[in-house]
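Novice: Give the three-dimensional model of this entry:
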Amino acid sequence: MEKQSALVRTFCDDGFLKIPSFFNSAELAEIEKNLGRFVRKLIPSLAPAEVFYEDKNLSNSLKQIQRMHEHDSFFFNLFHEKPKRLAEKLLGESVVAKNLQYFNKPPVLSQATPPHQDAFYFKLEPCSALTMWMALDVVDKKNGCVRYVKGSHKNGLRSHRKTKTLGFSQEISNFGTEADRSDEVICSAKPGDLLVHHAMTVHRAEVNTSKMRSRRALGFIFYGKSAVEDVEANREYKQKLESELASTGKI
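Specialist: Numbers count the residues shown, from 1 in each chain. Presented below is the predicted three-dimensional model:
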(Lines give C-alpha, C1' and ligand atoms only; values in the text may rest on other atoms or scores of the structure.)
Protein backbone atom coordinates (compact mmCIF):
# COMPACT_ATOMS: atom_id res chain seq x y z
CA MET A 1 0.00 0.00 0.00
CA GLU A 2 2.82 2.40 0.89
CA LYS A 3 4.57 1.63 -2.41
CA GLN A 4 1.39 2.44 -4.33
CA SER A 5 1.00 5.71 -2.42
CA ALA A 6 4.60 6.65 -3.25
CA LEU A 7 3.97 5.98 -6.95
CA VAL A 8 0.89 8.22 -6.88
CA ARG A 9 2.81 11.00 -5.12
CA THR A 10 5.66 10.83 -7.62
CA PHE A 11 3.24 10.87 -10.55
CA CYS A 12 1.33 13.86 -9.12
CA ASP A 13 4.48 15.81 -8.18
CA ASP A 14 6.71 15.12 -11.18
CA GLY A 15 4.22 14.30 -13.94
CA PHE A 16 5.98 11.01 -14.70
CA LEU A 17 7.44 7.95 -13.03
CA LYS A 18 9.45 4.82 -13.79
CA ILE A 19 8.61 1.31 -12.60
CA PRO A 20 11.46 -1.18 -13.17
CA SER A 21 10.49 -4.70 -14.32
CA PHE A 22 6.77 -3.93 -14.56
CA PHE A 23 6.61 -6.94 -16.87
CA ASN A 24 8.79 -9.92 -15.89
CA SER A 25 10.86 -12.06 -18.26
CA ALA A 26 8.09 -14.64 -18.83
CA GLU A 27 5.56 -11.91 -19.62
CA LEU A 28 8.04 -10.23 -21.95
CA ALA A 29 8.65 -13.45 -23.84
CA GLU A 30 4.90 -13.83 -24.39
CA ILE A 31 4.62 -10.21 -25.54
CA GLU A 32 7.51 -10.63 -27.97
CA LYS A 33 6.02 -13.84 -29.40
CA ASN A 34 2.65 -12.19 -30.01
CA LEU A 35 4.19 -9.00 -31.34
CA GLY A 36 6.08 -11.04 -33.94
CA ARG A 37 2.87 -12.82 -34.89
CA PHE A 38 0.99 -9.52 -35.14
CA VAL A 39 3.63 -8.01 -37.44
CA ARG A 40 3.74 -11.06 -39.71
CA LYS A 41 0.05 -11.86 -39.94
CA LEU A 42 -1.98 -8.75 -39.19
CA ILE A 43 -0.07 -5.77 -40.54
CA PRO A 44 -0.84 -6.64 -44.18
CA SER A 45 -4.57 -6.26 -43.47
CA LEU A 46 -4.35 -2.92 -41.60
CA ALA A 47 -5.32 0.44 -43.09
CA PRO A 48 -2.39 2.69 -44.11
CA ALA A 49 -3.22 5.18 -41.34
CA GLU A 50 -2.75 2.41 -38.73
CA VAL A 51 0.87 1.55 -39.65
CA PHE A 52 3.74 3.99 -40.17
CA TYR A 53 7.19 3.31 -41.63
CA GLU A 54 10.17 5.64 -41.68
CA ASP A 55 10.32 4.64 -45.35
CA LYS A 56 7.16 2.89 -46.50
CA ASN A 57 9.18 1.02 -49.13
CA LEU A 58 11.38 -0.60 -46.45
CA SER A 59 9.72 -3.24 -44.27
CA ASN A 60 12.54 -3.03 -41.70
CA SER A 61 11.73 0.65 -41.03
CA LEU A 62 8.48 -0.04 -39.11
CA LYS A 63 7.88 2.95 -36.83
CA GLN A 64 4.37 2.77 -35.33
CA ILE A 65 1.31 0.54 -35.14
CA GLN A 66 -1.93 2.08 -33.87
CA ARG A 67 -4.82 0.48 -31.93
CA MET A 68 -3.35 -3.00 -31.67
CA HIS A 69 -5.98 -3.99 -29.11
CA GLU A 70 -8.73 -3.53 -31.69
CA HIS A 71 -7.19 -6.13 -33.99
CA ASP A 72 -5.95 -8.86 -31.65
CA SER A 73 -7.27 -10.54 -28.47
CA PHE A 74 -3.83 -10.98 -26.87
CA PHE A 75 -3.16 -7.24 -26.93
CA PHE A 76 -6.75 -6.46 -25.87
CA ASN A 77 -6.28 -8.62 -22.77
CA LEU A 78 -2.80 -7.21 -22.08
CA PHE A 79 -4.21 -3.67 -22.25
CA HIS A 80 -6.98 -4.38 -19.74
CA GLU A 81 -4.88 -6.13 -17.10
CA LYS A 82 -1.92 -4.69 -15.14
CA PRO A 83 -1.63 -1.43 -17.12
CA LYS A 84 -5.30 -0.55 -16.65
CA ARG A 85 -5.21 -1.27 -12.91
CA LEU A 86 -2.18 0.98 -12.52
CA ALA A 87 -3.80 3.76 -14.56
CA GLU A 88 -6.83 3.72 -12.24
CA LYS A 89 -4.59 4.08 -9.19
CA LEU A 90 -2.61 6.95 -10.68
CA LEU A 91 -5.59 8.91 -12.01
CA GLY A 92 -7.75 8.12 -8.97
CA GLU A 93 -10.77 7.06 -11.01
CA SER A 94 -12.05 4.44 -13.43
CA VAL A 95 -10.40 4.67 -16.83
CA VAL A 96 -11.12 4.02 -20.49
CA ALA A 97 -8.48 2.09 -22.45
CA LYS A 98 -8.03 4.25 -25.59
CA ASN A 99 -5.01 3.06 -27.54
CA LEU A 100 -2.33 0.38 -27.43
CA GLN A 101 0.52 1.34 -29.77
CA TYR A 102 3.85 -0.02 -30.93
CA PHE A 103 6.73 2.42 -31.30
CA ASN A 104 10.20 2.01 -32.76
CA LYS A 105 13.19 4.10 -33.64
CA PRO A 106 15.02 1.84 -36.11
CA PRO A 107 18.78 2.37 -36.34
CA VAL A 108 20.06 4.73 -39.06
CA LEU A 109 16.57 5.57 -40.38
CA SER A 110 14.88 7.08 -37.33
CA GLN A 111 13.94 10.67 -36.58
CA ALA A 112 13.81 12.55 -33.29
CA THR A 113 10.49 12.73 -31.45
CA PRO A 114 9.70 16.44 -31.12
CA PRO A 115 8.89 17.97 -27.71
CA HIS A 116 5.14 17.78 -27.20
CA GLN A 117 2.26 17.21 -24.80
CA ASP A 118 -0.09 14.32 -25.51
CA ALA A 119 -2.97 16.51 -24.33
CA PHE A 120 -2.70 18.54 -27.53
CA TYR A 121 -3.76 15.46 -29.49
CA PHE A 122 -6.27 14.13 -26.95
CA LYS A 123 -8.48 17.26 -26.68
CA LEU A 124 -10.00 16.45 -23.28
CA GLU A 125 -11.73 18.50 -20.59
CA PRO A 126 -10.75 17.93 -17.86
CA CYS A 127 -7.41 16.50 -18.98
CA SER A 128 -7.48 13.33 -16.90
CA ALA A 129 -5.29 11.03 -19.00
CA LEU A 130 -1.93 9.33 -19.06
CA THR A 131 0.39 7.42 -21.35
CA MET A 132 2.50 4.37 -20.44
CA TRP A 133 5.64 3.49 -22.36
CA MET A 134 7.07 -0.01 -21.87
CA ALA A 135 10.56 -0.74 -23.19
CA LEU A 136 11.12 -3.84 -25.31
CA ASP A 137 14.83 -3.09 -25.84
CA VAL A 138 17.60 -1.59 -23.76
CA VAL A 139 17.03 2.15 -24.15
CA ASP A 140 19.63 4.82 -23.47
CA LYS A 141 20.84 8.18 -24.77
CA LYS A 142 22.45 6.56 -27.80
CA ASN A 143 19.27 5.00 -29.21
CA GLY A 144 16.79 7.69 -28.21
CA CYS A 145 15.48 7.36 -24.66
CA VAL A 146 12.51 9.41 -23.47
CA ARG A 147 13.18 12.78 -21.82
CA TYR A 148 10.59 14.39 -19.51
CA VAL A 149 10.35 17.96 -18.24
CA LYS A 150 9.73 17.42 -14.55
CA GLY A 151 6.66 19.23 -13.20
CA SER A 152 5.62 20.54 -16.62
CA HIS A 153 2.16 18.97 -16.31
CA LYS A 154 1.27 21.71 -13.82
CA ASN A 155 1.83 24.58 -16.25
CA GLY A 156 -1.01 24.15 -18.72
CA LEU A 157 -1.13 23.37 -22.41
CA ARG A 158 1.58 25.09 -24.42
CA SER A 159 1.40 26.37 -27.97
CA HIS A 160 2.13 23.72 -30.63
CA ARG A 161 2.98 23.94 -34.31
CA LYS A 162 3.19 21.51 -37.22
CA THR A 163 6.18 19.23 -37.76
CA LYS A 164 7.30 17.00 -40.59
CA THR A 165 7.78 14.04 -38.25
CA LEU A 166 5.60 11.08 -39.20
CA GLY A 167 3.54 9.94 -36.22
CA PHE A 168 4.22 13.14 -34.25
CA SER A 169 2.64 15.91 -36.28
CA GLN A 170 2.92 18.62 -33.60
CA GLU A 171 5.67 20.10 -31.45
CA ILE A 172 5.85 22.77 -28.76
CA SER A 173 6.62 25.98 -30.61
CA ASN A 174 8.75 27.61 -27.90
CA PHE A 175 10.49 24.58 -26.40
CA GLY A 176 13.99 25.18 -25.07
CA THR A 177 13.38 27.64 -22.26
CA GLU A 178 15.68 27.65 -19.25
CA ALA A 179 13.09 25.69 -17.28
CA ASP A 180 12.73 23.14 -20.08
CA ARG A 181 16.43 22.43 -20.06
CA SER A 182 17.08 22.56 -16.33
CA ASP A 183 14.09 20.37 -15.42
CA GLU A 184 14.54 17.76 -18.16
CA VAL A 185 15.12 14.23 -16.89
CA ILE A 186 16.67 11.55 -19.14
CA CYS A 187 15.00 8.17 -18.60
CA SER A 188 16.96 5.10 -19.63
CA ALA A 189 15.12 1.78 -19.50
CA LYS A 190 15.56 -1.97 -19.74
CA PRO A 191 13.12 -4.44 -21.32
CA GLY A 192 10.04 -4.67 -19.11
CA ASP A 193 10.56 -1.27 -17.45
CA LEU A 194 7.53 1.02 -17.56
CA LEU A 195 7.51 4.79 -17.89
CA VAL A 196 4.25 6.61 -17.17
CA HIS A 197 3.50 10.27 -17.84
CA HIS A 198 0.54 12.59 -17.46
CA ALA A 199 -1.00 13.84 -20.72
CA MET A 200 0.16 17.38 -19.91
CA THR A 201 3.80 16.42 -19.28
CA VAL A 202 6.26 17.79 -21.84
CA HIS A 203 8.46 15.05 -23.29
CA ARG A 204 10.64 14.25 -26.28
CA ALA A 205 13.24 11.77 -27.54
CA GLU A 206 16.32 12.27 -29.68
CA VAL A 207 17.23 10.33 -32.79
CA ASN A 208 18.58 6.78 -32.58
CA THR A 209 22.27 7.29 -33.31
CA SER A 210 23.26 3.66 -32.80
CA LYS A 211 24.16 1.65 -35.89
CA MET A 212 22.60 -1.68 -34.90
CA ARG A 213 20.12 -1.25 -32.02
CA SER A 214 16.40 -0.59 -32.34
CA ARG A 215 14.41 1.26 -29.70
CA ARG A 216 11.12 -0.65 -29.52
CA ALA A 217 8.33 -0.05 -27.03
CA LEU A 218 4.62 -0.52 -26.40
CA GLY A 219 2.48 2.47 -25.50
CA PHE A 220 -0.75 2.34 -23.48
CA ILE A 221 -3.09 5.36 -23.41
CA PHE A 222 -5.83 5.71 -20.79
CA TYR A 223 -8.46 8.43 -20.28
CA GLY A 224 -10.08 9.00 -16.91
CA LYS A 225 -13.84 8.49 -16.84
CA SER A 226 -14.28 12.17 -15.95
CA ALA A 227 -12.54 13.33 -19.14
CA VAL A 228 -14.84 14.52 -21.93
CA GLU A 229 -13.40 14.28 -25.42
CA ASP A 230 -14.08 16.92 -28.08
CA VAL A 231 -15.03 14.26 -30.61
CA GLU A 232 -15.70 16.64 -33.48
CA ALA A 233 -12.39 18.49 -33.10
CA ASN A 234 -10.55 15.18 -32.88
CA ARG A 235 -12.28 13.80 -35.95
CA GLU A 236 -11.52 16.92 -38.00
CA TYR A 237 -7.87 16.90 -36.93
CA LYS A 238 -7.41 13.23 -37.82
CA GLN A 239 -9.12 13.60 -41.19
CA LYS A 240 -6.97 16.58 -42.10
CA LEU A 241 -3.79 14.85 -40.96
CA GLU A 242 -4.53 11.63 -42.86
CA SER A 243 -5.31 13.64 -45.98
CA GLU A 244 -2.00 15.49 -45.71
CA LEU A 245 -0.05 12.27 -45.14
CA ALA A 246 -1.70 10.61 -48.12
CA SER A 247 -1.12 13.60 -50.40
CA THR A 248 2.59 13.70 -49.52
CA GLY A 249 3.02 9.95 -50.02
CA LYS A 250 3.81 9.15 -46.37
CA ILE A 251 1.00 6.60 -46.00
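Novice: Can you show me the helices along this protein?
Specialist: 2-14, 25-41, 73-79, 82-91, 118-122, 178-182, 231-247 (DSSP state H).
Novice: how about the ones you listed, which one is nearest Phe222?
Specialist: helix 82-91 (3.9 Å; CB to CB). Where you see a C-beta, it was placed from the backbone N, CA and C, and this is true even at glycine.
Novice: Now the closest one: buried residues?
Specialist: 83-84, 86-87, 90-91 (16 or more other CB atoms under 10 Å).
Novice: what's the most distant pair in the residues you listed?
Specialist: Spanning the widest gap among the buried residues of helix 82-91 are Pro83 and Leu91, at 12.2 Å by CB to CB.
Novice: Which residues are in contact with each of those two?
Specialist: Phe222 (CB atoms under 8 Å, 6 or more residues apart in numbering).
Novice: ok, now which ones touch Asp55?
Specialist: Applying CB under 8 Å, 6+ apart, the residues near Asp55 are 61, 109.
Novice: per-residue confidence at it?
Specialist: The score at Asp55 is 85. That number is its pLDDT.
Novice: can you give me the strands for the stretch 101-250 of the chain?
Specialist: Counting by DSSP state E, counting those that start in this stretch, the stretch 101-250 of the chain has strands at residues 113-116, 124-125, 129-135, 146-149, 160-165, 168-172, 184-187, 194-198, 203-205, 217-224, 228-229.
Novice: ok, the fifth one: who's next to it in the sheet?
Specialist: Same thing as strand 160-165. strand 168-172 (antiparallel) (DSSP bridges).
Novice: which residues sit against the partner strand?
Specialist: Counting by CB under 8 Å, 6+ apart, 113-117, 120-121, 158-163, 165, 202, 241 sit against strand 168-172.
Novice: ok, 6 Å please
Specialist: 113-116, 120, 158, 160, 163, 241 (CB atoms under 6 Å, 6 or more residues apart in numbering).
Novice: cool, and stretch 184-196?
Specialist: Here stretch 184-196 has contacts from 17-23, 28, 130, 132-136, 138-140, 145-150, using CB under 6 Å, 6+ apart.
Novice: Confirm for me that Pro115 is in contact with His203.
Specialist: No: with contacts counted by CB atoms under 6 Å, Pro115 stays clear of His203, the gap being 7.1 Å.
Novice: where in this structure is pLDDT low?
Specialist: The model of the chain has pLDDT under 70 over residues 1-3, 237-251.
Novice: Just give me the residue closest to the centre of it.
Specialist: For the chain, the residue sitting closest to the mean C-alpha position, by CA atoms, centre = their mean, is Gly219 at 4.5 Å.
Novice: Which parts of stretch 172-184 count as buried, going by neighbours?
Specialist: So, applying 16+ other CB under 10 Å, buried residues of stretch 172-184: 172, 175, 180, 183-184.
Novice: Return the closest of those residues with respect to Val231.
Specialist: Ile172 (24.6 Å).
Novice: Which pair of the contacts of strand 168-172 spans the longest distance?
Specialist: Arg158 and Leu241 (19.6 Å).
Novice: which one of the two has more residues nearby?
Specialist: Per other CB atoms under 10 Å, whichever of Arg158 and Leu241 has more neighbours is Arg158, with 20 against 16.
Novice: For the closest residue to that one other than its chain neighbours, which residues count as its bridge partners?
Specialist: Closest residue in space to Arg158, ignoring its immediate chain neighbours: Ile172 at 5.0 Å, by CB to CB, 6 or more residues apart in numbering. Beta bridges link Ile172 to His160, judged by DSSP bridges.
Novice: hang on, the earlier thing: CSV for the strands of the stretch 101-250 of the chain, including distance to Arg67?
Specialist: Putting those into CSV (distance: least, CB to CB, whole Å) gives the following:
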stretch, distance to Arg67
strand 113-116, 19
strand 124-125, 18
strand 129-135, 14
strand 146-149, 21
strand 160-165, 20
strand 168-172, 17
strand 184-187, 25
strand 194-198, 20
strand 203-205, 21
strand 217-224, 10
strand 228-229, 15
